[in-house]
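Engineer: fold the following and give me the result.
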Amino acid sequence: EYKLEREMVVQAVAKTNAVPRPQALDLLEECKRLGVPVVIVSAGYSEVIEEFLRLHRPQLLDSEGQSSIQIVANKLNFSQENGVLESCGSIVHSGNKNQVLDL
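Structural biologist: Just a heads-up that it's a prediction; the model follows:
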């Protein structure tokens, strides 16, 4: 049995070669500064997106380490002792991204 733990997500994001698109993080930072709401809709996992932001532009996070950007994506439900229990909430996929904001 293999247990996916939150720290494993952090380590995987740190090891990836993925880089932000040019000026994307500058745009997000400027939106935050101006108070412009931003929503990221993704068929990926919110934990991965938040960790990616934390790694590349920590100032986009609030004082509690959470993203100041609303992320609409699949979410993992972690248990302290057993790692991931399940994916929770509605599943976001490429065919329903235009509908998930109505949830």
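Engineer: what's the burial count for Phe52?
Structural biologist: 19 (other C-beta atoms under 10 Å). In this view, the C-beta of every residue, glycine as well, is placed from N, C-alpha and C.
Engineer: the one 5 residues further on too?
Structural biologist: The burial count assigned to Arg57 is 16, neighbours taken as other C-beta under 10 Å.
Engineer: isn't it up against Leu25?
Structural biologist: Yes - Arg57 is within contact range of Leu25, at 4.4 Å (criterion: C-beta atoms under 8 Å).
Engineer: other SSEs contacting whichever strand in the chain runs longest?
Structural biologist: As assigned by DSSP state E, the longest strand anywhere in the chain is strand 70-79. If you count contacts as 3 or more C-beta pairs under 8 Å, 6 or more residues apart in numbering; DSSP states H and E, strand 70-79 packs onto strand 39-45, helix 46-56, strand 83-88.
Engineer: nearest residue to the residue most central in space within the chain in space, please, no chain neighbours.
Structural biologist: Closest residue to the average C-alpha location of the chain: Ile49 at 2.6 Å, with C-alpha atoms, centre = their mean. Counting by C-beta to C-beta, 6 or more residues apart in numbering, Ile71 is the residue found nearest to Ile49 once chain neighbours are left out, at 5.3 Å.
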